[in-house]
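Q: Need coordinates for the following:
(chains A and B)
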Amino acid sequence: MAIKKDKVDVVMVGLGWTGAIMGMELTEAGLNVLALERGDMRDTNTDTPYPKAVDELKYSVRGALFQDLSRETVTIRYGVADVAVPYRQHGSFLLGDGVGGAGFHWNGMMYRNLPEELEMRSHHEQKYGKKFIPEDMTIQDHGVTYKELEPFYDFSEKVMAVSGKAGNLNGKIVAGGNPLEGARSDEFPTKPLTYQYSASLVEKAMRDVGYHPYPAPAANASEPYTNPYGVRIGPCNYCGFCENYGCYMYSKASPQTTILPVLLKRKNFEVRTKAQVIKVNLDASGKRATGVTYIDAQGREVEQPADLVLLTAFQTHNVRLLLLSGIGKPYDPVTGEGVVGKNFAYQYNGGINVVMPKGTQFNPFIGTGAGGVGMDDLNADQFDHGPLGFIGGASIRHVRYGGRPIKQAGTMPGEKVPNWGSEWKGSVQDAYQRTLTIGISGSVMAYRDCYLSLDPTYKDANGQPLLRMTLNWKENEGKMLTHIGNEMEKVGQAMNPEKVVKAIRKTGSSWDTRVYQSTHLTGGAIMGTTPKNSVVNKYLQSWDVPNVFVYGASAFPQNMGYNPTGLVTALAYHSAKAIREQYLKNPGPLVQA
Amino acid sequence: MSQDKEPRRRFLRQVLAIVPAASTLGGATAVAVSQPAIADSSEPGKPRAYTPTYFNAAEWAFINAAVDHLIPSDQYGAGALETGVPEFIDRQMETPYGAGKLWYMQGPFHPDSVPELGYQLSLVPRDIYRQGIAACNDWCVKNLGKVFAELDRAKQLDVLKQMEGGKIHFETVPAKTFFNFMLGNTKEGYFADPMYGGNQKMGGWKMVGFPGARADYLDWVDQYNVKYPYGPVSILGEKG
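A: Here you go, the predicted structure:
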């Protein structure tokens, strides 16, 4: 028989970015909040101090901070009729684990959407006509606008001490920033990070070709800063160990470096680690959650009653928990009915490799997680898609992450070099100092046959079905990347290089799950304007069970060309305000269906 | 008021007192955290003495012969043998990685699914090496009269190329899979921090020009097109 705990006001599943944010907001509102985290407690000083933190084998190669796939993973297939096979090793995406989640080992790329991205369907229908959107492309509006989210983007940036330069302050274009961005109410909290040599060359080339380069917004603080919670954040020292690592400098924003020092001290907050939630419990009506059931460190089943249940885990886990709990109708790709699992999307990336003349010294080990030079001229709908026949675009940036040699010392681009032996050595040595990559981070639209469901065969360590991904690349994204790759080749050429080598996927090729692409998995518990087209409303509240809220990129109806954390955190703060000001006074649906 | 002030201060006392020294003194005191766990008694150009734990004598001979081809000692820098890559691989076999404990290993297995869907064999690294080496030696004896390690270098090279290209077929483990594991682990051992047994004297890092665990470049980020002057340091405080 299950152990039953005393009821709490709020139970949260997972303590990463959204859990930390909601924990702050709801404890501040006087509620007692319990976070159930399936992984371990993690902190910078205990888990990733210098020099232990700068260990490429441990963190990047063996993945010490990633989800333990031996206990739980996902399965993947390309098509609705295929048998899915397990994602047995980390590759294409790097799932997080423990307190902080993927927010402990991310890069810190902290973007806002372009306004039109939040009104994807209506914007495109209005501008290009209804027929422009293919029939099987199931994109939709988020149901919340950039203007509504702006204050929350702004606050997130301040919490994270984001470095950058505004380009559009209250509608006024200002020099030095991104002139194409949505209007901002305030400047970035810390100044831009310094461009490394390679970024300075890319910046000049982008400008020479006629684009609008800007310092990429980075949740890597460029100077000492005290955030709105009173937490002090130190400046980045360009150590070159960011993504896959905890930040020993306390510069990269993570829940640990920005929120948890305050939250963990609050008397009305509790975190229980090694607590794997297996189900959200519903009452007899199925319209109200009574709490959750989890498995504790000793393997015991524990029932935790609560008035509010917040799913604050990663995208995949949120969707899986909804499916395991029977909240909302599972999506059926054949009939198009149901919503849970619908509109699963990812990102479609490429790059331009530039080889500068011999003797060039980039010192590639001088790196940051997110600082560098970016441009938005080819993102979202910042260019005329009419004659091009595709939807979407890409944020483009050159960020030097570090020159960590196991994973980041490659052979000379564009040359047929053996993978080993003297020739390999010579090529790696030659390429190390004089190559750079301009990254193209492409959007992926939603499609009728790309979705999430429970796997019929494979189980996790607790015997529960794994989440199954059904996804493959589509022609629309192939056209997008081909177009942008060709445009960006011109930027590479403008650098007077020895050569430019495009690394652009061939249209028609399948998703290669072995190669890291991004951890930006989206959809499955999407937001929208009606229960017919979405799992949650604009406040991330479940249409079916109004005391359940679902956070994270699972809410995105399609994926943008940006990294997701900016929108993920803005949506969380937006939801928190609605809970505090509306829901708590009158618990029930915040949007009438 | 900063809630994080105390940990931050503690951190600064512990770390910043050390890191600038590494930047200005060329690593003379470097990251003086503790002494290397293993005493260095090797001669120049040779790895330190090591007795394998996982591999038996025949397997050890195979590994030593093979990695010498994968990363030879040459004009570009140290090779796999002198940097202790065999020691690295042997030690990795005794880790959760070697035992396949980092991967989802529940069946059913579909080894014939397309490569893009990732590793789908039921074999863990320890098994891949044990079975791969035995199968390769059998193949060499049958076709070339001697086990791999006893073949002349040209023949060894040819066997490795055929394995890489999937032109040799083994019953127990795909030759290409075995080759790719060995190549991947060899590069890891060449470039990983020396505390794992390979990259001895930081020969791999010196080959490319990577400063290792320095990880502090605030005063170098805006020095454009200038050669970084300091050699590598390791996590345990070794300097190169």
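Q: And the pLDDT at B:Glu43?
A: Note on B:Glu43: pLDDT of 70.
Q: Could you check which helix or strand contains it?
A: Per DSSP states H and E: B:Glu43 is located in neither a helix nor a strand.
Q: How many residues are close by it?
A: B:Glu43: 8 surrounding residues under other C-beta atoms under 10 Å in any protein chain shown. C-betas here are computed from N, CA, C, even on glycine.
Q: any idea how far it is from chain A?
A: B:Glu43 is 23 Å from chain A, where distance means C-beta to the nearest C-beta, to the nearest Å.
Q: and residue 83, what is it in contact with?
A: I went with chain A, as the question did not name one. Going by C-beta atoms under 8 Å, 6 or more residues apart in numbering or on different chains, A:Val83 touches A:Arg77, A:Thr457, B:His110.
Q: not quite, I wanted chain B
A: With contact taken as C-beta under 8 Å, 6+ apart, B:Thr83 is in contact with B:Pro47, B:Ile71, B:Gly189, B:Tyr190, B:Gly198, B:Asn199, B:Gln200, B:Lys201, B:Gly203, B:Gly204.
Q: coming back round to it: now pLDDT and neighbour count too, for the contacts of A:Val83, in JSON lines please.
A: Shown next, in JSON lines, are the contacts of A:Val83 (pLDDT from 0 to 100; neighbours: other C-beta atoms under 10 Å in any protein chain shown):
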{"residue": "A:Arg77", "pLDDT": "98", "neighbour count": "18"}
{"residue": "A:Thr457", "pLDDT": "98", "neighbour count": "15"}
{"residue": "B:His110", "pLDDT": "98", "neighbour count": "14"}
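Q: my read: B:Phe62 touches B:Ile133, true?
A: Yes: counting by C-beta atoms under 8 Å, B:Phe62 does reach B:Ile133; the two are 4.7 Å apart.
Q: where do the contact lists of these two overlap?
A: What both B:Phe62 and B:Ile133 touch, as defined by C-beta under 8 Å, 6+ apart, is the set B:Phe148.
Q: Which elements pack onto the helix ranked longest in chain B?
A: Criterion DSSP state H: the longest helix present in chain B is helix B:125-144. With contacts taken as 3 or more C-beta pairs under 8 Å, 6 or more residues apart in numbering or on different chains; DSSP states H and E, helix B:125-144 sits against helix B:57-70, helix B:85-93, helix B:153-164, helix B:175-191.
Q: mind listing the strands in the stretch 201-350 of chain A by residue range?
A: A:214-215, A:225-226, A:232-233, A:269-272, A:276-282, A:289-295, A:301-311, A:348-355 (DSSP state E, counting those that start in this stretch).
Q: between the ones you listed, which gets nearest to A:Trp511?
A: The closest of those to A:Trp511 is strand A:348-355. By C-beta to C-beta, the value is 9.2 Å.
Q: quick one: contacts for residue 101?
A: I'll assume chain A. A:Gly101 neighbours (C-beta under 8 Å, 6+ apart): A:Gly14, A:Leu15, A:Gly16, A:Trp17, A:Gly19, A:Gly39, A:Pro255, A:Ala313, A:Phe314.
Q: Please refer instead to chain B.
A: Taking C-beta under 8 Å, 6+ apart, we find B:Lys101 in contact with A:Ser70.
Q: now it, what's its secondary structure?
A: When classified by DSSP: H, G, I helix; E, B strand; the rest coil, B:Lys101 comes out as coil.
Q: C-terminal to the biggest helix by length in chain A, what's the next element?
A: Longest helix in chain A, counting residues (DSSP H): helix A:475-493. Downstream of helix A:475-493, the next assigned helix or strand under DSSP H and E is strand A:499-503.
Q: Can you show me the CA trace of that next one as CSV?
A: Extracted in CSV, the C-alpha atoms of strand A:499-503 (Å, rounded to 0.1, in the frame of the first residue of the first chain):
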residue,chain,number,x,y,z
LYS,A,499,37.9,28.4,-48.5
VAL,A,500,34.3,28.1,-47.5
VAL,A,501,32.7,24.7,-47.0
LYS,A,502,29.0,24.4,-46.6
ALA,A,503,27.7,21.8,-44.1
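Q: Contacts for the next helix or strand after it, please.
A: Next along the chain after strand A:499-503, taking DSSP H and E as the criterion, comes strand A:548-550. Residues outside strand A:548-550 that contact it (C-beta under 8 Å, 6+ apart) are A:280, A:289, A:308-311, A:318, A:322, A:327, A:525, A:535-536, A:539-542, A:575, A:579.
Q: same question, stretch A:167-182
A: By C-beta under 8 Å, 6+ apart, the list of residues contacting stretch A:167-182 from outside reads A:112-115, A:146, A:150, A:164-166, A:183-187, A:212, A:214-215, A:374-377, A:379, A:382.
Q: next one: stretch A:289-300
A: A:2-3, A:7, A:11, A:13, A:36, A:272-283, A:301-306, A:309, A:327, A:462, A:545, A:547-548.
Q: Please check those residues and keep the buried ones.
A: Among these, those buried by neighbour count (16 or more other C-beta atoms under 10 Å in any protein chain shown) are A:11, A:13, A:36, A:272-282, A:302-304, A:306, A:309, A:327, A:545, A:547-548.
Q: coming back round to it: can you select the buried ones among the contacts of B:Thr83 for me in ChimeraX?
A: Of the contacts of B:Thr83, the buried ones can be selected in ChimeraX as follows, counting by 16+ other C-beta under 10 Å:
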select /B:47,71,189,190,198,199,200,201,203,204
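Q: where in chain B is pLDDT low?
A: The model of chain B has pLDDT under 70 over residues B:1-42, B:44.
Q: what sits against the residue most central in space within it?
A: The centre of chain B sits closest to B:Gly189, judged by C-alpha atoms, centre = their mean, with a distance of 1.0 Å. Each residue near B:Gly189 by C-beta under 8 Å, 6+ apart is listed here: B:67, B:80, B:83-89, B:92, B:196-199.
Q: circling back: give me the buried subset of the contacts of stretch A:167-182.
A: Counted by 16+ other C-beta under 10 Å, these give A:112-115, A:146, A:150, A:164-166, A:183-184, A:212, A:214-215, A:374-377, A:379, A:382 as buried.
Q: on that earlier part again, need the strands of the stretch 201-350 of chain A in CSV (columns: distance to A:Gly103 and mean pLDDT).
A: Converted to CSV, the strands of the stretch 201-350 of chain A look like this (distance: least, C-beta to C-beta, whole Å; pLDDT from 0 to 100):
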stretch, distance to A:Gly103, mean pLDDT
strand A:214-215, 22, 98
strand A:225-226, 18, 98
strand A:232-233, 14, 96
strand A:269-272, 15, 98
strand A:276-282, 18, 98
strand A:289-295, 21, 98
strand A:301-311, 16, 98
strand A:348-355, 21, 98
